[in-house]
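>>> Provided below are the primary sequence and the corresponding predicted coordinates.
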Amino acid sequence: MSESIQQAAIVTGGSRGIGRAICIALADAGINVVINYAGNAAVAEETAQECKNRGVSAITVLADISTEQGCSDLFDAAIKEFGRIDILVNNAGITRDNLMMRLSEEDFDAVINTNLKGAFLCAKKAARIMMKQRYGRIISISSVVGVRGNAGQANYAASKAGLIGMTKSLAKELGSRNVTVNAVAPGFIDTDMTRVLPDSVKEGILAQIPMGNFGKPQDIASAVCYLASQQAGYITGQVLCVDGGMAM
Ligand code: NAP
């Protein structure tokens, strides 16, 4: 792809936490961004403003990516605004933690539908556009929990392990069209998702991290930006663990 083309990225759940850091890092790289979110418009607008301050165009799109309609709305808005999609970051994710014997079918489905099915629906729409462009980058945010498992997170671990299997499968399907598909597996990152955990749980996790500290959203954003770059064009089907050594 020519260096002069202005690229556009969709970041699902891009309004806060890791997604926000990814949007800002992509904006720093000169990439236009579509910031998807599920309900909190004010923080999504703040993220858009941060991106615009860096000289790129940014739009916010309220859409539930766990549904086909939500994904259609998201991609329609993105194409209307930018006419192309070069990068999809499947970042939107939720937790509904419980030990298996207490884990309801509803909470199992909610997590799988957002974290895994949503990524599939978005990847399918992105792939159609990227195959025609003969260029694309699809990056899904998995988790150390998808690699190692975690008591109390059977639904979440299944969704994140599922993303890894899907990433490798899509990499095989799309490689010949110059579309790379990779996953980033964060360890423990300081965001709203992890802030709610009791201190005793956090201490237990910290003890498992060789580097001895929690990660920041920017640590994940740097890895995503690299995989999204043209320099990473020969990397596909990989899982990049960004976890201070936790998954080793
Ligand atoms: P977060 O702070 O809770 O933010 C979640 C984002 O996803 C928000 O923008 C939220 O939008 C959006 N979202 C949730 N459900 C959605 C849906 N159905 N459709 C569209 N958007 C939706 O989460 P985070 O900690 O930044 O995590 C981001 C990703 O990294 C997730 O996939 C998570 O599983 C993964 N991860 C996180 C950690 C960690 O330690 N934090 C570790 C490993 C992996 P609203 O604000 O509008 O609801």
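Yep, that arrived.
>>> these two touch, right, residue 229 and residue 30?
No. If you go by CB atoms under 8 Å, residue 229 and residue 30 don't touch, sitting 11.0 Å apart. (Glycine included, C-beta is placed from N, CA and C.)
>>> quick one: which of the two has more around it?
Shown here are residue 229 and residue 30; by other CB atoms under 10 Å, residue 229 has more neighbours (16 against 11).
>>> who touches that one in this structure?
residue 29 (CB atoms under 8 Å, 6 or more residues apart in numbering).
>>> which bits of this protein sit near the ligand?
Residues of the chain that fall close to the ligand, judged by CB under 6 Å from any ligand atom: 12-13, 15-19, 36-40, 64-66, 91-94, 114, 141, 143, 186, 188-189, 191-194.
>>> mind listing what residue 60 touches?
15, 35, 36, 37, 41, 44, 45, 47, 48.
>>> mind putting these in CSV, secondary structure included?
Converted to CSV, the contacts of residue 60 look like this (DSSP: H, G, I helix; E, B strand; the rest coil):
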residue, secondary structure
15, coil
35, strand
36, strand
37, strand
41, helix
44, helix
45, helix
47, helix
48, helix
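>>> and the residues you listed, which are buried?
Neighbour counting with 16 or more other CB atoms under 10 Å marks 15, 35, 36, 37, 44, 47, 48 as buried within those.
>>> how close does the last one get to the ligand?
When distances are taken as CB to the nearest ligand atom, to the nearest Å, residue 48 and the ligand turn out to be 12 Å apart.
>>> can you start the count at 309 instead of 1 from here on
With 309 as the first residue, the last one maps to residue 356.
>>> Might one say that that residue is in contact with residue 343?
Yes. Assessed by CB under 8 Å, residue 356 is found in contact with residue 343 at 5.6 Å.
>>> anything in contact with each of those two?
With CB under 8 Å, 6+ apart, residue 356 and residue 343 have common neighbours 366, 367, 368.
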